[in-house]
Structure formats: structure tokens, C-alpha cells
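>>> fold the following.
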Amino acid sequence: FDLANDTELCPTERNALSDFYGSTKGSEWTNDTNWLDEYESYCDWNGVTCDEGKNHVIKLELDNNGLSGRLSESIGNFTSIEKLDLSDNDI
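Below is the predicted model:
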């Protein structure tokens, strides 16, 4: 069965990051360390910083990382974001 809709096991922000990765051609990024790794917390994905409780993304810093494509609408699911740096990419 699919756990993608179980917010306890697969938080909304993890799903949003997965959508973001897909829409910005993540497999072509310069550094996509740990992205989509099912055994790593999304808080440990390259460029992602979470709050102290590791519940919410507060920073997404992927400047000059080879992103291209478009931003997915799910980026709006980052309700606690304080810094978003996607500069020097083709999006």
C-alpha cells in the first residue's frame, strides 16, 4: 500500500519536497545528496534546513545547483519557511 498520503509517516513537507525535486529536474542537479532517500529524514537532504524539532522546513537553499524547469505548486506547503534561495538556476 502507498504511504504517501499518511502524514505521520510521510509528512506533507516531504511530499512537497519530492514534488519540487521532480518539477525542477532533481536528477540533473549538481548536488542532490540524500534527496528522496527513503532512509534519510528530509531534514538531511542537501539544501534543506528544518526547525529544531525537525518538523518544518525553515530554509531551502539550492542556489547555483543546476535546477531547471518550474516550481511546483506544492512549494506553498512550506508554512514555516524563512529563507528560500534558488538563485542562479534556470527556473
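>>> stretch 50-69: end-to-end distance?
25 Å (Cα to Cα, to the nearest Å).
>>> I'd like the mean pLDDT over that stretch, please.
Taken as a whole, stretch 50-69 has a mean pLDDT of 95.
>>> quick one: it to chain centroid distance?
Taking Cα atoms, centre = their mean, to the nearest Å, one finds stretch 50-69 lying 6 Å from the centre of the chain it belongs to.
>>> and stretch 46-60, by the same measure?
Computed by Cα atoms, centre = their mean, the chain-centroid distance of stretch 46-60 equals 9 Å.
>>> which residues sit against that stretch?
11, 13, 17, 20, 31-35, 41-43, 61-62, 65, 78-86 (Cβ atoms under 8 Å, 6 or more residues apart in numbering). All C-beta atoms are positioned from the backbone trio N, CA, C, and that covers glycine.
>>> what do you get for stretch 79-86?
Contacts of stretch 79-86 (Cβ under 8 Å, 6+ apart): Asp51, His56, Val57, Ile58, Lys59, Leu60, Glu61, Leu62, Asp63, Leu67, Leu71, Phe78.
>>> can you pull the buried residues of it?
Ile81, Leu86 (16 or more other Cβ atoms under 10 Å).
>>> also stretch 36-56?
Buried residues in stretch 36-56, counting neighbours by 16+ other Cβ under 10 Å, are found at Tyr42, Cys43, Trp45, Gly47, Val48, Cys50, His56.
>>> which of these sits closest to Asp90?
Closest approach between the buried residues of stretch 36-56 and Asp90, by Cβ to Cβ: Gly47, at 16.3 Å.
>>> can you give me the neighbour number for Glu13?
22 (other Cβ atoms under 10 Å).
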